[in-house]
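Asker: my questions concern the predicted model and sequence given below.
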Amino acid sequence: MRVFWGWLMFCVAVFSIMAGGLIFAFALAGVSLLAGEEFIAMTRAKGMNPSPKVIRFMICCFFVLAALPAIPGLSLPYNFSINHFPFLLTIGVCTAFFRLLFRHETPPATIADIATTVLGFIYLGWMPSHLVLLRNLTPPGVDLPANPLLQPGLAYVWVSLFIIWAADVFAYVVGKRFGKTLLYPQVSPKKTIEGAVGGLLASIFFACLVIWVADYLFPIHPFGFKLWQAPLMGALVSIGAQLGDLCESLLKRDAGMKDSGILIPGHGGMLDRGDSLIFAGAISYYWVCLFVQGTI
């Protein structure tokens, strides 16, 4: 059963990534909404009571905003979404405060209720929606190709995912085989320093390999043959992925949960499967903007 669900998730992920556009945005939004429900359950296990409606609404808003440039006919600039993210974040914070202020309960809402509401849509809306921005990213002055298989964002996403998967897989394999020194036992009792280093080195190797392949396969040459950047991107994204895993472990440990949910048989919750993507996806987006395209 575990293998079946693993392959099913893999096939759905590959299809949505290759399709890009609204399909990828809707698929990732659905995953984030499910992860949001798991986050809400964790906070309630700690006696907090965030606003589920605000969290769900804001998660949807972030993904809608991220997907707008991919809608045919709108002709929005590639940076429209990221330029309006601060505006949407401001609306979200205000909405969280006002909703909880006027929620009729005794006792009234607490600081923890407001804080977890804001954290919920930032952690599972704002952060993961950067992957949609990354998938739609196009160098300035270049029209987005209609064929999704030729879009540079496809290369950016695949490079990021290979780095993240390398970090996850090799951290586990190396840690299981050679791990002796615990990395952070107070949060995750099984992760080791040897495993973390193995995942980091594997990410650097795969970053170099996949970036080199992407520049030859894609006619736009999405990374501009700047191969000197590959190990740096691999290291930074790998660290983001491993820290994302640890952060989710911190939330689960504080809530007294082994898994974030039971949605996926044999794999735990949706948040368990996607924790590495939350920070690493945003890091990848800003890396490409800053150092590959130079647009920030």
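Answerer: Yes, it's here. On a predicted model such as this, the values are computed, not experimentally measured, just so you know.

Asker: so which residues of the protein form helices?
Answerer: 2-19, 21-45, 52-67, 80-101, 111-121, 130-135, 152-178, 193-217, 230-255, 270-287 (DSSP state H).

Asker: right, so these: which one is the most enclosed?
Answerer: Ranked by mean neighbour count, the helices of the chain are led by helix 130-135 with a mean of 28 (mean count of other Cβ atoms under 10 Å). (C-beta placed from N, C-alpha, C; glycine too.)

Asker: where does the stretch 1-150 of the chain have low pLDDT?
Answerer: 1-6 (pLDDT under 70).

Asker: residue contacts, Val132?
Answerer: By Cβ atoms under 8 Å, 6 or more residues apart in numbering, the residues touching Val132 are 24-25, 28, 63, 66-67, 70, 81.

Asker: the helices of the chain: which one's closest to Gly224?
Answerer: Distance to Gly224, taken as Cβ to Cβ, is lowest for helix 193-217 among the helices of the chain, at 7.3 Å.

Asker: contacts for that closest one?
Answerer: The contact list for helix 193-217, computed with Cβ under 8 Å, 6+ apart, reads 155, 158-159, 162-164, 166-176, 178-183, 221-225, 227, 229-231, 233-235, 237-239, 241-242.

Asker: how many neighbours does Gly269 have?
Answerer: Gly269 has 24 neighbours, counted by other Cβ atoms under 10 Å.

Asker: how many neighbours does the nearest residue to it once chain neighbours are set aside have?
Answerer: Leaving aside its sequence neighbours, Gly269 sits nearest to Gly261 (Cβ to Cβ, 6 or more residues apart in numbering; 2.7 Å). Residues contacting Gly261 under the criterion other Cβ under 10 Å number 20.

Asker: I'd say Gly261 and Asp272 touch.
Answerer: Yes. Gly261 is within contact range of Asp272, at 7.4 Å (criterion: Cβ atoms under 8 Å).

Asker: contacts only, for the residue nearest to Gly269.
Answerer: Gly261 neighbours (Cβ under 8 Å, 6+ apart): 34, 37-38, 41, 268-272.

Asker: Gly47 too?
Answerer: Counting by Cβ under 8 Å, 6+ apart, Gly47 touches no other residue.

Asker: measure Phe63 to Glu248 for me?
Answerer: If you measure Phe63 against Glu248 using Cβ to Cβ, to the nearest Å, the figure is 20 Å.
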